[in-house]
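[1] From the sequence below, what's the structure:
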Amino acid sequence: MFFSCIIPAYNEWARIGPMLRSALACPEVDEVIVIDDGSTDNTWDEISHVSHPKLRPIHLVKNAWKLHAFFTALEQARGTHIVMLDADYTGFRSEYLSEMIHPIQAGEVDVTMMMWKNSLPICKLLKHDIFSGTRVLPKDIFDDTEYYCSGVGFWLEIKMNEVIYQRKLRVRSFYFPEVYNPQKSWKQSFWTQPIQILRSGSLSQIIRHSWFIYKQQ
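    Okay, the predicted model is just below:
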């Protein structure tokens, strides 16, 4: 197994350094592809200051949004498995990635997902976050690129969940209460997230995915 970690970053200069170093410090991660998605702050400068043999940085001049940035990085990934990691967590440690990778290496599960301190209460009740963008999963889930590369909001997460459901993949969720996911109020309005969720998939589809994953926890 070869694990490629992908970190899309847009205007995350204050947090990208620690997140990048955490990913690079994880012994199970074989390469880290961080892609600056046309940031207008000093994100690229922060990335450029990090030197490591596992690091493969990509700089997009113009912001293309997370979906496009992710698949741009995916084209460069050499791994059999993809470690999806957000750039804006606080309190994240490399040990958390190791915990998520070990069950896959051992053949116990096919996919792992992460929850954090301020995940929605309903997610904590269900013991998983169906909209989590931090996952470890087989790269071949993304073989049909056209299946993913349209839509808005949580389109990528909903589509991944559908493939996981169709293939009946084994899933395990991890809850790390020390990790905090800062609110995106400076990037989007308060009502953007629920609107994006409803635009990304039908309610019945979301419930079906959630129940499938819940039964495995």
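
[2] only C-alpha atoms for contact and neighbour calcs from this point on.
    Noted.

[3] Follow the chain on from the helix-or-strand element of the chain with minimal mean pLDDT and name the next helix or strand.
    Least confident helix or strand, the chain: helix 192-200 with a mean of 57, by mean pLDDT, DSSP states H and E. Where DSSP states H and E defines the elements, the next helix or strand beyond helix 192-200 is helix 203-214.

[4] Give the other helices and strands that that next one contacts.
    Applying 3 or more Cα pairs under 8 Å, 6 or more residues apart in numbering; DSSP states H and E, one finds that helix 203-214 contacts helix 155-167.

[5] what angle do the helix it packs on and helix 203-214 make?
    Put simply, helix 155-167 runs at 60 degrees to helix 203-214, going by axes from the mean of the first three to the mean of the last three Cα atoms, to 10 degrees.

[6] Rounded mean pLDDT for helix 155-167, please.
    Mean pLDDT, computed over helix 155-167, is 91.

[7] Point out the other helices and strands that the helix or strand just after it packs with.
    As assigned by DSSP H and E, the chain's next helix or strand after helix 155-167 is strand 171-176. On a contact count with 3+ Cα pairs under 8 Å, 6+ apart, strand 171-176 meets strand 111-116.

[8] one more time with 10 Å, if that's ok
    With contacts defined as 3 or more Cα pairs under 10 Å, 6 or more residues apart in numbering; DSSP states H and E, strand 171-176 has these neighbours: helix 94-105, strand 111-116, strand 135-138, helix 203-214.

[9] quick check: angle from that strand to helix 155-167?
    Strand 171-176 runs at 140 degrees relative to helix 155-167, counting by the same axes, to 10 degrees.

[10] what's the distance between stretch 126-145 and the middle of its chain?
    In terms of Cα atoms, centre = their mean, to the nearest Å, the centre of stretch 126-145 is found 7 Å from the chain centre.

[11] now the end-to-end length of it.
    End-to-end distance for stretch 126-145, by Cα to Cα, to the nearest Å: 30 Å.

[12] I'd like to know the average pLDDT value across that stretch.
    Across stretch 126-145, pLDDT averages out at 91.

[13] quick revisit: columns distance to S4 and mean neighbour count on top of the helices and strands packed on strand 171-176, output as TSV?
    TSV is the format used below for the helices and strands packed on strand 171-176 (distance: least, Cα to Cα, whole Å; neighbours: other Cα atoms under 10 Å):
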stretch	distance to S4	mean neighbour count
helix 94-105	11	18
strand 111-116	14	23
strand 135-138	9	22
helix 203-214	24	16
